[in-house]
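>>> predicted model and sequence follow; I will ask about them next.
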Number of protein chains: 2
Amino acid sequence: MKLYSYWRSTTSYRVRIVLNLKGFSYETIPVDLVAGEQRAPDYVALNPGKGVPTLALKDGRVLTQSLAIIDYLDATIPDPPLLPADPFKRAQVQAAVHTIAMDIHPVNNLKVTTHLKTRYGLTAEDGIEWFRHWMTEGFHAYQALLAENSTFSFGERPDLADICLVAQLYNAHRWGVDMNPFPRLLEIEERALAHPAFDAARPENQPDAP
Amino acid sequence: MKLYSYWRSTTSYRVRIVLNLKGFSYETIPVDLVAGEQRAPDYVALNPGKGVPTLALKDGRVLTQSLAIIDYLDATIPDPPLLPADPFKRAQVQAAVHTIAMDIHPVNNLKVTTHLKTRYGLTAEDGIEWFRHWMTEGFHAYQALLAENSTFSFGERPDLADICLVAQLYNAHRWGVDMNPFPRLLEIEERALAHPAFDAARPENQPDAP
């Protein structure tokens, strides 16, 4: 498999964790988002959304959108499971997943903040404030959805919610979000990053990291 | 079941279509987003993300996030299926779903455009341009992901991608997106809205529509 990925992309980070947890071997093909490589015609033919990640299977078929890729990987190698089997518990975990994957990440996507700056004149400082605002709002909602007294967000092993959380927290630290209201999220992050599958997926451990 | 819903919310619209397709009976509890009812403490206790929809089950348990709710409903009444059984095809449909549910909808959410206006001084016209920009970008990507020559986005019956598309197109028409580049999307919309489950879910057919 080939994973088209950018080291700092949190959606790429999610997929890397899953590839590692499931034991898939894969090759990283870096796509430099800052240089605009996601808009090159050859890449857009693979990923019309002009984003990362993109997963190319061994047979050449291609998948886009991080959570769709993860759904495929989870179906292909079911162990360890990323979501509970019980439909209600599964939906609870997915609600937390989507609090990050829909309420935070898309609004803070690089293309959105770039558009805010180039089209509406927001400054670099405005952009940082923008990032912090949506992460703070989203983390409050996420923390309210968590199970009580579990080791990870919902259970005793990391699941898809933890995977999305750890990736998003990378951005939170990068942009200086005040994490004092969210001690539980930092505890979960520390436990998850102690796992080799999470550690190997960290942005700084990628081949395109500077 | 009780669905906390706002007539014009496209995420509520998605869930209404699924409830109708699967034959669930439910009561609509209107949440007036324009009046700010989603920020009332009693509602935030149900939905810490301060959004719609929220689904309260008969036993009082509560689910949030439209696609998590839909996942639960699909598991509870599997017929008609909303996603293909084959893992690769399933991920392809989900990539299209997420092109709308992640790349368009969250960026165009009411709370985002309100924040742009109150915090950064964007005008009402800027807001409309903002809506159109992200829908146009997203529809190009969506159209590129479609199956060739299928009646709906991916098959001969409407699936989760069509459900998200129809709901998003309500906003596209509302905000005057130029749909000339997207004839296939309009054909799918027309076919889907001919289905009673889609028709009954239309914003204008809701109890809180003016």
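Perfect, thanks for sending it. Numbers count the residues shown, from 1 in each chain, chains lettered A, B, ... in the order given.

>>> which parts of chain A are helices?
Remark: helices assigned in chain A by DSSP state H are A:10-22, A:41-46, A:66-76, A:87-101, A:110-120, A:124-145, A:160-174, A:183-193, A:196-201.

>>> between those helices, which one is closest to residue B:42.
Residue B:42 lies closest to helix A:124-145 among the helices of chain A, at 14.1 Å (C-beta to C-beta). (Glycine included, C-beta is placed from N, CA and C.)

>>> just the buried residues of that closest one, please?
Neighbour-count burial for helix A:124-145 flags A:126-127, A:130-132, A:134-143, A:145 (criterion: 16 or more other C-beta atoms under 10 Å in any protein chain shown).

>>> which strands and helices lie in contact with that helix?
Judged by 3 or more C-beta pairs under 8 Å, 6 or more residues apart in numbering or on different chains; DSSP states H and E, helix A:124-145 is in contact with helix A:87-101, helix A:110-120, helix A:160-174, helix A:183-193.

>>> can you redo these as a markdown table with distance to residue A:52, mean pLDDT and mean neighbour count?
Shown next, in a markdown table, are these (distance: least, C-beta to C-beta, whole Å; pLDDT from 0 to 100; neighbours: other C-beta atoms under 10 Å in any protein chain shown):
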| stretch | distance to residue A:52 | mean pLDDT | mean neighbour count |
| --- | --- | --- | --- |
| helix A:87-101 | 14 | 98 | 24 |
| helix A:110-120 | 10 | 96 | 16 |
| helix A:160-174 | 12 | 98 | 23 |
| helix A:183-193 | 21 | 98 | 16 |
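
>>> chain B: which of those helices is closest?
Among the helices and strands packed on helix A:124-145, the nearest to chain B by C-beta to the nearest C-beta is helix A:87-101 (3.7 Å).

>>> so does the closest one get close to chain B?
Yes - using C-beta under 8 Å from any C-beta of the partner chain, helix A:87-101 reaches chain B at A:87-88, A:90-92, A:94-95, A:97-99, A:101.

>>> for residue B:117, state which of those residues is nearest.
Closest to residue B:117 out of the residues of helix A:87-101 next to chain B is residue A:99 (23.8 Å), distances taken as C-beta to C-beta.

>>> just put the residues of helix A:87-101 next to chain B in a markdown table and tack on distance to residue B:17.
Formatted as a markdown table, the residues of helix A:87-101 next to chain B follow (distance: C-beta to C-beta, whole Å):
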| residue | distance to residue B:17 |
| --- | --- |
| A:87 | 19 |
| A:88 | 21 |
| A:90 | 21 |
| A:91 | 17 |
| A:92 | 22 |
| A:94 | 18 |
| A:95 | 19 |
| A:97 | 22 |
| A:98 | 18 |
| A:99 | 22 |
| A:101 | 21 |
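
>>> identify the residues contacting the closest residue to residue A:84 other than its chain neighbours.
The shortest distance from residue A:84 to any non-neighbouring residue, by C-beta to C-beta, 6 or more residues apart in numbering or on different chains, is to residue A:90 (4.9 Å). Residues in contact with residue A:90 (C-beta atoms under 8 Å, 6 or more residues apart in numbering or on different chains) are A:83-84, B:71-72, B:75.

>>> give me the buried subset of those residues.
Buried members of the contacts of residue A:90, scored by 16+ other C-beta under 10 Å, are A:83-84, B:71-72.

>>> returning to that earlier point: residue A:198: which of the contacts of residue A:90 is nearest?
Nearest to residue A:198, judged by C-beta to C-beta, of the contacts of residue A:90 is residue A:83 at 17.4 Å.
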